[in-house]
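Enquirer: Predicted model and sequence follow; I will ask about them next.
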Amino acid sequence: MFKIAVIGDRESVLGFKALGLETIFADEVPVAQEALHRLANEKCAVIYLTEQLAAEMKDDLDRYTDALRPAVILIPGKSGTLGIGMENVYKSVERAVGSNILKNN
Amino acid sequence: MARLNVNPTRMELTRLKKSLVTARRGHKLLKDKRDELMKQFLEIVKENRDLRRNVEEALSRAHKSFTIASAVMSPEMLEEALMYPKQSVSLALSKRNIMSVNVPVYDFKTKNDDPAEIFPYGFATTSGELDEAVQALSDILQDMLKLAQLEKAAQMMAQEIEKTRRRVNALEYVMIPQYEETIKYIRMKLDENERGNLSRLMKVKDMMLEEQRKANIKHDEEVAATYKG
């Protein structure tokens, strides 16, 4: 059995705690990095991470892009979306097709 | 295109011809694989994009309610209300094989099936906005999981497509032309040898005929001399 975790600043992730997800409060990037790698090694299959933190830890995320587990999924934090999550979707299109064919519509 | 560094022998030619056939077949298979992967990938990624849009919107709405709740309630109370969850979620991970790419399939189970059980606090000390926020989050959890599944699948398929495309291109633009070039080179070299051999034989034959003719003339002269004498 695997766990689902949420990493982000306190206000963005507190709500998920009520749903029974594993929540990690991280206001600083190093804390989030440490938590991410720890959770990846533990039995965590899905890790939600706020975009505000993800913006600063690209290298850490790249490490898990091609692995089956964990899936690191970006979610907007309390101050709204930065568009990084969407950017990643387009990036995988670009990687597969060679150019982004979805951007226009 | 550079040709391979091999000896121009018949043996080498046979070997290369076999390799070329294999390379052509591999190229065709990989190309089919790439096309099919691409088809599946585009379907997944379109769904992924739409779902992400929905989830992001829904999450922003949930955050808004949550911000209001945290404005109405003191931070300590808020934390106290949420600190000890009633609900717990666990996830079963299985794999699905799409064109030899193993993508994850999530199947999540909640400990409590009762929808009212998501609120881990009493309603007396908390604000209504908090209920709304938690309810909204609970509603999008299913979509968030689906998003995770799709997004991971898209990422993994993108990687596989990239790899397959590279292989197809390497075969199409490097390996196969190289084999063709080398086979042509060996064939020409062998033909050239054959021609060289033939002309040498003809030359030798000419020389032998010439010698024979001279010997005949000499013999005739000798015969004539004996009869004269």
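Expert: Received the coordinates, thanks. Numbers count the residues shown, from 1 in each chain, chains lettered A, B, ... in the order given.

Enquirer: In stretch B:68-86, which residues are buried?
Expert: B:68, B:69, B:70, B:73, B:77, B:78, B:81, B:82, B:85 (16 or more other Cβ atoms under 10 Å in any protein chain shown). No exception for glycine: its C-beta is placed from N, CA and C like everyone else's.

Enquirer: Check the gap between the third one and chain A for me.
Expert: The spacing between residue B:70 and chain A, counted by Cβ to the nearest Cβ, to the nearest Å, is 6 Å.

Enquirer: hang on, isn't that residue packed against residue B:78?
Expert: Yes. Residue B:70 is within contact range of residue B:78, at 5.5 Å (criterion: Cβ atoms under 8 Å).

Enquirer: and the helix-or-strand element of chain A with minimal mean pLDDT, does that touch chain B?
Expert: Least confident element among the helices and strands of chain A, by mean pLDDT, DSSP states H and E: helix A:10-18 (a mean of 83). Yes. Using Cβ under 8 Å from any Cβ of the partner chain, helix A:10-18 reaches chain B at A:11, A:12, A:14, A:15, A:16, A:17, A:18.

Enquirer: buried ones in that helix?
Expert: Residues A:11, A:12, A:13, A:14, A:15, A:16, A:17, A:18 are the ones in helix A:10-18 that count as buried (16+ other Cβ under 10 Å).

Enquirer: State the distance from the most centrally placed residue in chain B to chain A.
Expert: For chain B, the residue nearest the mean C-alpha position is residue B:164 (2.1 Å; Cα atoms, centre = their mean). Distance from residue B:164 to chain A, counting by Cβ to the nearest Cβ: 10 Å.

Enquirer: Give the other helices and strands that the helix ranked longest in chain B contacts.
Expert: Longest helix in chain B, counting residues (DSSP state H): helix B:10-72. Other elements packing on helix B:10-72 under the criterion 3 or more Cβ pairs under 8 Å, 6 or more residues apart in numbering or on different chains; DSSP states H and E are helix A:10-18, strand A:71-75, helix A:84-97, helix B:128-170, helix B:176-228.

Enquirer: Looking at these, which one is packed in the most?
Expert: strand A:71-75 (a mean of 27; mean count of other Cβ atoms under 10 Å in any protein chain shown).

Enquirer: tell me which element residue A:6 falls in.
Expert: Using DSSP states H and E, residue A:6 falls within strand A:3-8.

Enquirer: Would it be right to say that residue A:49 lies in a strand?
Expert: Yes. Under DSSP: H, G, I helix; E, B strand; the rest coil, residue A:49 falls within a strand.

Enquirer: need the contact list for it.
Expert: Counting by Cβ atoms under 8 Å, 6 or more residues apart in numbering or on different chains, residue A:49 makes contact with A:6, A:7, A:8, A:32, A:36, A:61, A:72, A:73, A:74, A:75.

Enquirer: Tell me the one of those residues nearest chain B?
Expert: For these, the residue nearest chain B by Cβ to the nearest Cβ is residue A:73; the value is 4.7 Å.

Enquirer: isn't that closest one right up against residue A:44?
Expert: No. In this structure residue A:73 lies outside contact range of residue A:44 using Cβ under 8 Å: 11.9 Å.

Enquirer: where does chain A come near chain B, residue by residue?
Expert: A:1-4, A:11-12, A:14-21, A:45-46, A:48, A:65-66, A:68-69, A:71, A:73, A:75-78, A:80-81, A:85-86, A:88-89, A:92-93, A:95-98, A:102.

Enquirer: if I pick the residue nearest to residue B:45 when sequence neighbours are not counted, what's in contact with it?
Expert: In space, and not counting its chain neighbours, residue B:45 is closest to residue B:154: 4.8 Å by Cβ to Cβ, 6 or more residues apart in numbering or on different chains. Residues near residue B:154 by Cβ under 8 Å, 6+ apart: A:89, A:92, B:41, B:44, B:45, B:48.

Enquirer: For the fifth one, grab the count of nearby residues.
Expert: For residue B:45, the tally of surrounding residues (other Cβ atoms under 10 Å in any protein chain shown) stands at 25.

Enquirer: lowest-pLDDT helix or strand in chain B?
Expert: When the helices and strands of chain B are scored by mean pLDDT, DSSP H and E, helix B:75-83 comes last with a mean of 76.

Enquirer: Determine the set of other helices and strands touching that helix.
Expert: helix A:10-18, helix B:128-170.

Enquirer: so can I have TSV of these showing distance to residue A:57?
Expert: Output for those, formatted as TSV (distance: least, Cβ to Cβ, whole Å):
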stretch	distance to residue A:57
helix A:10-18	16
helix B:128-170	17
